[in-house]
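>>> Whatever this is, show me its structure:
(2 chains)
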Amino acid sequence: MLKKTPLNRIHKDLGARMVEFGGWEMPVQYRGVIEEHLAVRNAAGLFDVSHMGEIEVRGRGALDFIQELTTNDASSIVGGQVQYSALCYSHGGTVDDVTLYRFGDEHFLFCVNAANTEKDFTWMEEVLEEGDFRDVKLRNVSDDFAQLALQGPAAALILSRLTGTDLSRIARYHFHEGLVVETPAIISRTGYTGEDGFELYFAPSAAETVWSALLESGAPEGLVPAGLGARDTLRLEMKYALYGHELSPEITPLEAGLGWITRFEKGSFIGREALMRQKESGVPRRLVGFVLTEPGVPRAGYPVMVSGEDVGTVTSGTMSPSLRVGIGLALVRADCAAVGAELQIGIRSRLVPARVSKTPFVHKI
Amino acid sequence: MEFPEELKYTEEHEWVLIEEEIVTIGITDYAQDSLGDIVFVELPEVGAILEAGKPFGVVESVKAVSDIYSPVSGEVVEINEELVGAPEVINTSPYEDGWMIKVKLSDTAQLDDLLDAEEYQEFIEEEV
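Residues are numbered from 1 along each chain as shown, chains lettered A, B, ... in the order given. Next up is the predicted model:
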């Protein structure tokens, strides 16, 4: 039985095509992936991302627990700040990639991938039990939140009409607690599209009210509802990782190009020794962005070849709606990963030429 | 959604326009709508020999790859070159500008297996 967000009926009324994603029934598109993608790049799009999980960490020792659990340095952010981070196994493979909200020294909130919520929570409980964190309390609060992502250059203008919070005072990767259409909400200046925008967390009972008010407020600017299809093509143009594609128990954050969230200098954390060894001996494969130089559409799972030799695998691919060429991400042997390197992508019976590209593919924020 | 009366249809969601021994083939309005934004098409070369029931090409949307199956056996005599540069035409005009190939039939009896517009509509209603 698929889980449903509080906006399930509204999506169907809007004519969305619904698909299974991470155990949830979610809208993949309303009018069309390309139209929704371009609306986000040029105006704004509204995404229901209520499937995302939320896990709260509270109590004395919360920061120490999070430092042990995650690869990034949570002591480097202050109350009201958000941090992109990862959870690793001791062998260095990735449990999940997450955003971490710091409310205070003893109060944090993780936003985690929908399909990983149960797994992450169980993993966190194990880490908690094994360490000396007896005053730390973990709660899976996923059911307490609906989440909407309002993304695009017009997002701040559209949201400003529905909140008393001065949005100009919320910097990128920061959040305030305020009211949106009189609903208490976490207003977070974050997103997964490469555009300016906000992720709003609030009670599920208010989901229809907030959703409808935002769509109405944004109509003059061209705000449209956007589905998971556009969410995927938007993040791909930015080379943002999607768990299960660019990250997995078999892929370390270092291989995925996330050295910048792997802070060895902070001290002990789970996976540190394995990741340190990998860093010192050199990562065997690297995540690259590539552009096809002939027509075609790369897809996850296609082989990557150089001079007839198999050097890796495509992890995600699409036709870029912004660039109108085939783009993709691939894990390739480290000696084939330089920008400009020539690759071939095995697409059915053909080998299609490609070139390792600078990323993000599209230059935004 | 439209299903012109003068066309024949397959359960793989192709349409066929029959003009004596030459047939024109494309994908139906239902197929293009299910696929979403079409971004790439791979067609056979003129002169290729097709076998009924076997894939002759590929159509790709942003999200998915689908084979296109030949409803008939025969020789490809013309392909719609415009689709290579403008595959989105299949979305906007599936039965006219979005045609894919023309085939010279080797076995006209195969046409008897095709569905008419009404039968095809019934078929997709059952499928949904």
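>>> Grab the most central residue of chain B for me.
Closest residue to the average C-alpha location of chain B: B:G26 at 2.5 Å, with Cα atoms, centre = their mean.
>>> helix, strand or coil for the residue of the stretch 151-300 of chain A found nearest chain B?
Across the stretch 151-300 of chain A, the shortest distance to chain B (Cβ to the nearest Cβ) belongs to A:V297, at 4.8 Å. C-beta here means a position set from N, CA and C on the backbone, and glycine is covered the same way. Using DSSP: H, G, I helix; E, B strand; the rest coil, the secondary structure recorded for A:V297 is coil.
>>> And for B:V77?
Secondary structure for B:V77, judged by three-state DSSP, is strand.
>>> what's the neighbour count on the nearest residue to B:D33 once chain neighbours are set aside?
Of all residues not flanking B:D33 in the chain, B:M1 sits nearest, at 6.7 Å (Cβ to Cβ, 6 or more residues apart in numbering or on different chains). Other residues near B:M1 number 10, with proximity taken as other Cβ atoms under 10 Å in any protein chain shown.
>>> Please list the residues of chain B that sit near chain A.
Residues of chain B found near chain A (Cβ under 8 Å from any Cβ of the partner chain) are B:36-37, B:39-40, B:42, B:58, B:60-63, B:65, B:84.
>>> quick check, nearest of these to A:A334?
B:V65 (29.6 Å; Cβ to Cβ).
>>> contacting residues around residue 7?
This is for chain A. A:48, A:50, A:146, A:207-208, A:211 (Cβ atoms under 8 Å, 6 or more residues apart in numbering or on different chains).
>>> should've been chain B
Counting by Cβ under 8 Å, 6+ apart, B:L7 makes contact with B:15-17, B:95, B:117.
>>> Quick check: nearest residue in space to the residue of chain A found nearest chain B, chain neighbours excluded?
As assessed by Cβ to the nearest Cβ, chain B sits closest to A:M319 within chain A, at 3.9 Å. Nearest residue to A:M319, sequence neighbours excluded (Cβ to Cβ, 6+ apart): B:V39, at 3.9 Å.
>>> which helices and strands does the helix or strand hosting the one you found pack with?
Assessed by DSSP states H and E, B:V39 sits inside strand B:38-42. Contact partners of strand B:38-42 among helices and strands, from 3 or more Cβ pairs under 8 Å, 6 or more residues apart in numbering or on different chains; DSSP states H and E: strand B:55-61, helix B:89-92.
>>> again, 10 Å this time
helix A:33-42, strand A:309-319, strand B:55-61, strand B:65-69, helix B:82-85, helix B:89-92 (3 or more Cβ pairs under 10 Å, 6 or more residues apart in numbering or on different chains; DSSP states H and E).
>>> what's the distance between the helix or strand that that strand is followed by and the middle of its chain?
For strand B:38-42, the following helix or strand on the C-terminal side (DSSP H and E) is strand B:49-50. Using Cα atoms, centre = their mean, to the nearest Å, the mean C-alpha position of strand B:49-50 is found 15 Å from that of the whole chain.
>>> Run me through the strand neighbours of strand B:49-50, direction for each.
strand B:74-79 (antiparallel) (DSSP bridges).
>>> Just the C-alphas of the partner strand, formatted as PDB.
Output of strand B:74-79 as PDB, limited to C-alpha atoms (Å, rounded to 0.1, in the frame of the first residue of the first chain):
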ATOM      1  CA  GLY B  74       8.200  -5.200 -45.600                       C
ATOM      2  CA  GLU B  75      10.800  -2.800 -46.800                       C
ATOM      3  CA  VAL B  76      11.200   0.800 -45.400                       C
ATOM      4  CA  VAL B  77      10.800   3.100 -48.400                       C
ATOM      5  CA  GLU B  78      10.700   6.500 -46.600                       C
ATOM      6  CA  ILE B  79      11.400   7.900 -43.100                       C
END
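>>> List the buried residues of it.
B:74, B:76, B:79 (16 or more other Cβ atoms under 10 Å in any protein chain shown).
>>> Any idea how many residues pack against the residue in chain B that chain A sits nearest to?
Nearest residue of chain B to chain A: B:V39, at 3.9 Å (Cβ to the nearest Cβ). Residues near B:V39, counting by other Cβ under 10 Å, number 25.
>>> cool, and A:H245?
Neighbours around A:H245, by other Cβ under 10 Å: 20.
>>> I'd say it and A:A115 touch.
No - distance between A:H245 and A:A115: 11.9 Å, which falls outside the contact criterion (Cβ atoms under 10 Å).
>>> which residues touch residue 16?
Using chain A. A:7-8, A:10, A:26-31, A:48, A:225, A:227-228 (Cβ atoms under 10 Å, 6 or more residues apart in numbering or on different chains).
>>> that's the wrong chain, I meant chain B
Applying Cβ under 10 Å, 6+ apart, the residues near B:V16 are B:7-10, B:23-26, B:70-72, B:103, B:110-111, B:114-115.
>>> Narrow the residues you listed to those that are buried.
With burial judged by 16+ other Cβ under 10 Å, the buried subset of the contacts of B:V16 is B:7-10, B:23-26, B:70-72, B:103, B:110, B:114-115.
>>> Quick check: strands, which of these are part of them?
The members of the buried ones among the contacts of B:V16 that map onto strands under DSSP state E are B:8-9, B:23-26, B:103.
>>> Spatially, what comes nearest to A:I55 if we skip its sequence neighbours?
A:F110 (4.5 Å).
>>> Correct me if wrong: that neighbour contacts A:Y101.
Yes - at 7.6 Å, A:F110 counts as touching A:Y101 under the criterion of Cβ under 10 Å.
>>> pLDDT below threshold where in chain B?
Within chain B, the set of residues satisfying pLDDT under 70 is empty.
>>> List the residues that contact A:L179.
A:L179 neighbours (Cβ under 10 Å, 6+ apart): A:162-165, A:185, A:187, A:202.
>>> mind redoing it with 7 Å?
A:163-164, A:185 (Cβ atoms under 7 Å, 6 or more residues apart in numbering or on different chains).
>>> what's the pLDDT at it?
What the model reports as pLDDT for A:L179 is 98.
>>> Repeat that for A:K364.
72.
>>> quick one: contacts for it?
Contacts of A:K364 (Cβ under 7 Å, 6+ apart): A:194-195.
>>> Any stretches of the stretch 101-250 of chain A with poor pLDDT?
Residues of the stretch 101-250 of chain A that meet the cut-off, pLDDT under 70, do not exist.
>>> Write out the residues of it neighbouring chain B.
Contact residues, the stretch 101-250 of chain A versus chain B (Cβ under 7 Å from any Cβ of the partner chain): A:229, A:233.
>>> rerun that using 10 Å as the cut-off
Contact residues (Cβ under 10 Å from any Cβ of the partner chain) of the stretch 101-250 of chain A with chain B: A:228-230, A:232-233.
>>> Now go through these and say which are in helices.
A:228-230, A:232-233 (DSSP state H).
>>> related to what we said a few turns ago, quick check, nearest of the residues of chain B next to chain A to A:L14?
For the residues of chain B next to chain A, the nearest to A:L14 is B:G36 (15.5 Å; Cβ to Cβ).
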